[in-house]
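1. Need a 3D model of the following:
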Amino acid sequence: MSLTRYRIGEAAGTATVTDDMMLLTAVYGIIVGIVLVFIARRLKQHWMIFWGSGLSILSAGYLFGDLMNWI
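-> The predicted model follows:
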């Protein structure tokens, strides 16, 4: 039994994350990934190059999937 109150017409558990928020997160991920790669190359940190490039590639893949309406 739930004691939570909802307004009339409001469904329980509605989504709070919008598509625009996900797109902004993907763009932010690309930017952060590129910055990580540049800093890592300067400091010779191979693990950070791996994570930065992976973040950029996966974020770009999400944006591409959204552009093609696959997501």
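
2. quick check: longest helix of this protein.
-> Longest helix of the chain, by residue count under DSSP state H: helix 19-43.

3. helices or strands next to that one in the packing?
-> Counting contacts by 3 or more CB pairs under 8 Å, 6 or more residues apart in numbering; DSSP states H and E, helix 19-43 packs against helix 46-67. Heads up, the C-betas are built off the backbone N, CA and C, glycines and all.

4. which regions of the chain lie under the pLDDT threshold?
-> Filtered on pLDDT under 70, the chain yields the residue ranges 1-6, 9-15.

5. Mind listing what's buried along the longest helix of the chain?
-> Neighbour-count burial for helix 19-43 flags 26, 29-30, 33, 36-37, 40 (criterion: 16 or more other CB atoms under 10 Å).

6. And the contacts of it?
-> Outside helix 19-43, the residues that touch it by CB atoms under 8 Å, 6 or more residues apart in numbering are 45-49, 51-60, 62-63, 66.

7. That one vs helix 46-67, what angle?
-> 150 degrees (axes from the mean of the first three to the mean of the last three CA atoms, to 10 degrees).

8. Can you tell me how far the closest residue to residue 66 other than its chain neighbours is from residue 42?
-> Leaving out its chain neighbours, the residue that sits closest to residue 66 by CB to CB, 6 or more residues apart in numbering is residue 23, at 6.6 Å. Distance of residue 23 to residue 42, computed by CB to CB, to the nearest Å: 30 Å.

9. Let me see the contact set for residue 71.
-> By CB under 8 Å, 6+ apart, the contact set of residue 71 is 62, 65.

10. ok, it to residue 32 distance?
-> Using CB to CB, one gets 21 Å for the distance from residue 71 to residue 32.

11. How about residue 66?
-> Residue 66 is 18 Å from residue 32, by CB to CB.

12. Likewise for residue 51?
-> In terms of CB to CB, residue 51 sits 10 Å off from residue 32.
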